[in-house]
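Enquirer: Quick one, structure for this:
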Amino acid sequence: MKKDQDDLLPPMGRHSTQEELTEQVQRAQQQLMDLQRQQELIEAQKRELEELAERQQEVRSGRKEMVEKLRRALVVLEREEEAVKREVEQISQTKLSFLDTLASVDQITPEEWDTNHLADELMNALSRIDHARAVYNQHKVKLKVLRGEELESISSENEAAGEAGGSAEWAETPNDFGLWFRRGFALSLPLLLLGIVWLIFFLIKK
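Expert: Predicted structure coming up:
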């Protein structure tokens, strides 16, 4: 009986129902495409947020790392700066002391000595030289620049002696007795010559 009723429906009604289904399918497909685009947009936003979070974490860790390193470096630099300031101050004081000592030693002029007071002149000169040597050695221990200069000087002397003589006698260490004897003799030679001149002058005067 129902089948007969369906057969009695007008054709226009069946066509209208088909169009409605088609429209519903199209709307569903459009909604699905909209949802897919929204999903893609959400996924892109998610990736962007994840990248921003990673960069933010890099900023935090990098900031923490560099703050710690720079603070430690500043502490080291401040200590080094203080050490350099003390070194510069010590160098300045040593320079003034050396200038005074040099002026005192430069004033030793044997050719202008009074032969009548030769012993006193010799004593005064030796006293100045001993004082100058003591001042130099005292500051040499404190200043690395002078210690380096002294070592370089000793090395240069040994090299020059080795090239000139080619024998072990002239390549001795600074602690060798013969080397110190030769140096002492070289330093004392002007005084010995002066003493001889004074003796000859004294004998001729008599």
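Enquirer: Look through the chain and tell me its longest helix.
Expert: helix 11-106 (DSSP state H).
Enquirer: Show the subsequent helix or strand relative to that one.
Expert: Later in the chain than helix 11-106, the nearest helix or strand by DSSP states H and E is helix 118-142.
Enquirer: can you pull the buried residues of that next one?
Expert: Residues of helix 118-142 classed as buried by neighbour count (16 or more other C-beta atoms under 10 Å): 118, 121-122, 125, 128, 132, 135, 139. (Glycine included, C-beta is placed from N, CA and C.)
Enquirer: circling back: for the longest helix of the chain, which helices and strands make contact with it?
Expert: helix 118-142, helix 144-165 (3 or more C-beta pairs under 8 Å, 6 or more residues apart in numbering; DSSP states H and E).
Enquirer: rerun at 6 Å
Expert: Applying 3 or more C-beta pairs under 6 Å, 6 or more residues apart in numbering; DSSP states H and E, we find helix 11-106 packed against helix 118-142.
Enquirer: what about the helix it packs on, average pLDDT?
Expert: For helix 118-142, mean pLDDT is 87.
Enquirer: low pLDDT regions in this structure?
Expert: Filtered on pLDDT under 70, the chain yields the residue ranges 1-16, 144-206.
Enquirer: Going by distance to Val25, which of the buried residues of helix 118-142 wins?
Expert: Val25 has its nearest neighbour among these in His139, at 102.5 Å by C-beta to C-beta.
Enquirer: residues in contact with the closest one?
Expert: Thr94 (C-beta atoms under 6 Å, 6 or more residues apart in numbering).
Enquirer: Start at 29, not 1
Expert: Understood, numbering begins at 29; the last thing we discussed is His167.
Enquirer: From Ser125, how far off is it?
Expert: For His167, the distance to Ser125 equals 7 Å [C-beta to C-beta, to the nearest Å].
Enquirer: Could you check the angle the longest helix of the chain makes with helix 146-170?
Expert: 170 degrees (axes from the mean of the first three to the mean of the last three C-alpha atoms, to 10 degrees).
Enquirer: returning to what we had before: looking at the buried residues of helix 146-170, spot the one nearest Glu71.
Expert: His167 (76.0 Å).
Enquirer: coming back round to it: make JSON lines out of the buried residues of helix 146-170 and add distance to Glu110.
Expert: What follows is the buried residues of helix 146-170, written out as JSON lines (distance: C-beta to C-beta, whole Å):
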{"residue": "Leu146", "distance to Glu110": "52"}
{"residue": "Glu149", "distance to Glu110": "47"}
{"residue": "Leu150", "distance to Glu110": "47"}
{"residue": "Ala153", "distance to Glu110": "42"}
{"residue": "Arg156", "distance to Glu110": "36"}
{"residue": "Ala160", "distance to Glu110": "31"}
{"residue": "Val163", "distance to Glu110": "26"}
{"residue": "His167", "distance to Glu110": "20"}
